[in-house]
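Colleague: Just need the structure, nothing else, for what follows:
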Amino acid sequence: MERPSLEFNLPDTHEEGKLYVVDSLNNLNKLNVCPAESQHSLDEEENTGGTGESMAGSNTRNQRLFFATFILTLAVSLVLVSFVIFLIFQTRNEVDQISSRLLSEKKNIEELKKLNSIILKHLNQSRIKE
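Modeller: Residues are numbered from 1 along each chain as shown. As a prediction, this is how the structure comes out:
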């Protein structure tokens, strides 16, 4: 979308009138460029005499708050990731222990089966002899 040109051919007026027209054009340009939410900040700038000191202080505070929040978020994320990694290792250790127990029990069951078959054979042989 094309913007209308803000350049006008101003007739020769008094110096004070020229400044008023230029100031009005600047305000109109700010309204066209800035969103509606920033109108409040424009009003504050006019109240402070247009020095922008209020805006600079607010901007610095906002940047500090943003960086503090960003650093805090990074720290919390790092702690959460570390905790998840710790849980993964703990779970891995538990699974390894359980699998080793299962292997051990499987060996014991195999040995018991062998003993059972030996006992059954012995009993069958002893019945045959009687």
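Colleague: just checking, next helix/strand downstream of the helix or strand bottoming out on mean pLDDT in the chain?
Modeller: Between all helices and strands in the chain, the lowest mean by mean pLDDT, DSSP states H and E belongs to helix 39-47, at a mean of 55. Sequence-wise, the next helix or strand downstream of helix 39-47 (DSSP states H and E) is helix 53-129.
Colleague: I'd like to know which elements that following helix is packed against.
Modeller: In terms of contacts (3 or more Cβ pairs under 8 Å, 6 or more residues apart in numbering; DSSP states H and E), helix 53-129 is packed against helix 39-47. (Each C-beta comes from the backbone N, C-alpha and C, glycine too.)
Colleague: Where does pLDDT dip in the protein?
Modeller: By pLDDT under 70, the low-scoring segments of the chain are 1-19, 32-55, 129-130.
Colleague: mind running it again at 80?
Modeller: 1-57, 127-130 (pLDDT under 80).
Colleague: Asn27: how many residues sit nearby?
Modeller: Asn27 has 12 neighbours, counted by other Cβ atoms under 10 Å.
Colleague: How about Leu74?
Modeller: 10.
Colleague: got it, and Lys30?
Modeller: Residues near Lys30, counting by other Cβ under 10 Å: 14.
Colleague: Next one: it from Asp23, what distance?
Modeller: From Lys30 over to Asp23 the distance is 11 Å, taken as Cβ to Cβ, to the nearest Å.
Colleague: same check, this time on Gly57
Modeller: To Asp23, Gly57 is 24 Å away according to Cβ to Cβ.
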